[in-house]
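K.L.:
let me see the structure of the following:
(one chain, ligands or ions: 2)
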Amino acid sequence: MNVSLGTDSNRAAELLRAGGLVAIPTETVYGLGADATNVDAVVKVFTAKGRPTFDPLIVHLGSVDQLPTIVQAIPAAAQKLIDVFWPGPLTLLFPKKSVIPDLVTAGLESVAVRIPAHPLALELLHSVGIPVAAPSANKFGSISPTTAQHVADQLGDAVDYILDGGSCSVGLESTIVSCLAEQPEVLRLGGLSVEQIEAVVGEVFVKQASSDPGKQADESNAQLAPGMLKRHYAPSTPLVVVDSLAEINLNEDDALLLPWEVSNIPENLERVVLSERHDLNECATKFFAILRQLDASNSNRIVAVRFPEEGLGRALNDRLERASAR
Ligand code: TXA
Ligand code: MG
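P.N.:
Ligands and ions are numbered 1, 2, ... in the order given. This next block holds a predicted model:
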């Protein structure tokens, strides 16, 4: 495999302007970027990922000044969130202008936008000057990439260049918030906690993946509930989620994914502890890389213990639920 990987943001900008695909480091996960205004380039993104075109893309900007060029209006609550959290792991929805092709938004009238907080991504986005559509740089439905090597392993040949910005510091995708209705709504839990958002705009709705199978988003109704696909972020090894290891019969070929150390674990089992110091942010940073590692090990099943439902624990639990869906 002959993957082109480096830190040359000028080269990355040239490739994007020419309609190429560039993997971009961000603080959340790596993105697979293309010129958001170029339909042919955007088609390549869907093809490289094997992503259905009913699943819309996030558009990345280098500066808030660019926002009025692609959106018709900025809701007041969105403006408050922008002022506090951009650049950062927060994606907001806006009524789109026609410069953003329908393919990017899967036909929706709204476009999802964010400014990533990663120096190399910002350098690139500033120098390229065009909006960049970028989903996470993994095959559709599989584990999101948090290093350049993860991208090379999964998408290598399909990408023109991988801009290597090291390991992602947040490690979970951005939180997606819609301020299009009266009360802001979190459409996808992510790297910015609900508590942080509520501190700025007051109480928000949080869209939950429904426990009623009839109401869960799947391929047929994803467009009604984008970002809510039931099975996602999934390893190929089966994964089960438990509140405590006491509730499951462990087998000797299980691997354990633990927020932190717990007592009474059989010694022979493979296990990974995400944060010795009980830090949910550290858990998030390591989560996808460790999930890959466990997926590649010889275990027949990954048993994951749920995180506390606070801070980034909520987003981590959301990823676990989707990773475990069959
Ligand atoms: O952190 C992130 O958000 C990363 C980095 C690369 O920025 N990107 C990312 O993209 O996670 P992706 O494509 O893997 O997930 C984007 C989610 C999708 O589930 C999609 O349904 C939702 O955003 N989305 C995009 N446009 C939307 C819209 N107009 N309305 C509602 N949801 C939208
Ligand atoms: Mg993704």
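
K.L.:
return the distance of Leu280 relative to Lys286.
P.N.:
11 Å (C-beta to C-beta, to the nearest Å). (C-beta placed from N, C-alpha, C; glycine too.)

K.L.:
of those two, which one has the most company?
P.N.:
Taking neighbours as other C-beta atoms under 10 Å, Leu280 and Lys286 compare with Leu280 leading, 21 against 17.

K.L.:
I'd guessed the more buried one sits against Ala315; true?
P.N.:
No - using C-beta atoms under 8 Å, Leu280 is not in contact with Ala315, being 9.2 Å away.

K.L.:
give me the common contacts of Leu280 and Lys286.
P.N.:
In terms of C-beta atoms under 8 Å, 6 or more residues apart in numbering, Leu280 and Lys286 are not both contacted by any residue.

K.L.:
for the stretch 1-150 of the chain, which spans come out with low pLDDT?
P.N.:
For the stretch 1-150 of the chain, the stretches flagged by pLDDT under 70 are 1-2.

K.L.:
can you show me the helices along it?
P.N.:
In the stretch 1-150 of the chain, the helices defined using DSSP state H, counting those that start in this stretch lie at 9-17, 39-49, 67-70, 76-85, 102-105, 119-128, 148-155.

K.L.:
could you dump these to JSON lines with distance to ligand 1?
P.N.:
Shown next, in JSON lines, are those (distance: least, C-beta to the nearest ligand atom, whole Å):
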{"stretch": "helix 9-17", "distance to ligand 1": "14"}
{"stretch": "helix 39-49", "distance to ligand 1": "8"}
{"stretch": "helix 67-70", "distance to ligand 1": "12"}
{"stretch": "helix 76-85", "distance to ligand 1": "13"}
{"stretch": "helix 102-105", "distance to ligand 1": "5"}
{"stretch": "helix 119-128", "distance to ligand 1": "9"}
{"stretch": "helix 148-155", "distance to ligand 1": "11"}
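
K.L.:
okay if I get those helices as JSON lines plus distance to Ile162?
P.N.:
Formatted as JSON lines, the helices of the stretch 1-150 of the chain follow (distance: least, C-beta to C-beta, whole Å):
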{"stretch": "helix 9-17", "distance to Ile162": "9"}
{"stretch": "helix 39-49", "distance to Ile162": "12"}
{"stretch": "helix 67-70", "distance to Ile162": "26"}
{"stretch": "helix 76-85", "distance to Ile162": "27"}
{"stretch": "helix 102-105", "distance to Ile162": "22"}
{"stretch": "helix 119-128", "distance to Ile162": "11"}
{"stretch": "helix 148-155", "distance to Ile162": "5"}
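
K.L.:
Ala199 - how many residues pack around it?
P.N.:
Other residues close to Ala199 by other C-beta under 10 Å number 10.

K.L.:
doesn't it lie inside a helix?
P.N.:
Yes - the assignment for Ala199 is a helix, going by DSSP: H, G, I helix; E, B strand; the rest coil.

K.L.:
now do it against ligand 1, distance only.
P.N.:
The gap separating Ala199 from ligand 1 is 21 Å, by C-beta to the nearest ligand atom, to the nearest Å.

K.L.:
and that residue, what pLDDT?
P.N.:
With respect to pLDDT, Ala199 scores 98.

K.L.:
what does this structure put close to ligand 1?
P.N.:
Contact residues, the chain versus ligand 1 (C-beta under 6 Å from any ligand atom): 26, 28-29, 31, 55-58, 91, 93, 105, 108, 110-112, 116, 134-136, 173-174, 176, 187, 226-227.

K.L.:
any of those buried? List them.
P.N.:
Buried by 16 or more other C-beta atoms under 10 Å: 26, 28-29, 31, 55-58, 91, 93, 105, 108, 110-112, 116, 134-136, 173-174, 176, 187, 226-227, out of the residues of the chain next to ligand 1.

K.L.:
return the subset of the residues you listed lying in strands.
P.N.:
Gly31, Ile58, Thr91, Leu93, Ser110, Val111, Ala112, Ile176, Leu187 (DSSP state E).

K.L.:
now the two most distant members of those residues.
P.N.:
The span of those, defined through C-beta to C-beta, is set by Gly31 and Ser110 at 19.2 Å.

K.L.:
how about the closest residue to Pro135 other than its chain neighbours, phi and psi?
P.N.:
Of all residues beyond its chain neighbours, the one nearest Pro135 is Leu57 (5.2 Å), with distances taken as C-beta to C-beta, 6 or more residues apart in numbering. The phi/psi pair for Leu57 (degrees, to the nearest 10) reads phi -100, psi 160.

K.L.:
tell me the contacts of Leu57?
P.N.:
Shown in contact with Leu57 (C-beta under 8 Å, 6+ apart): Ala36, Val42, Val45, Val104, Thr105, Ala112, Ala133, Ala134, Pro135.
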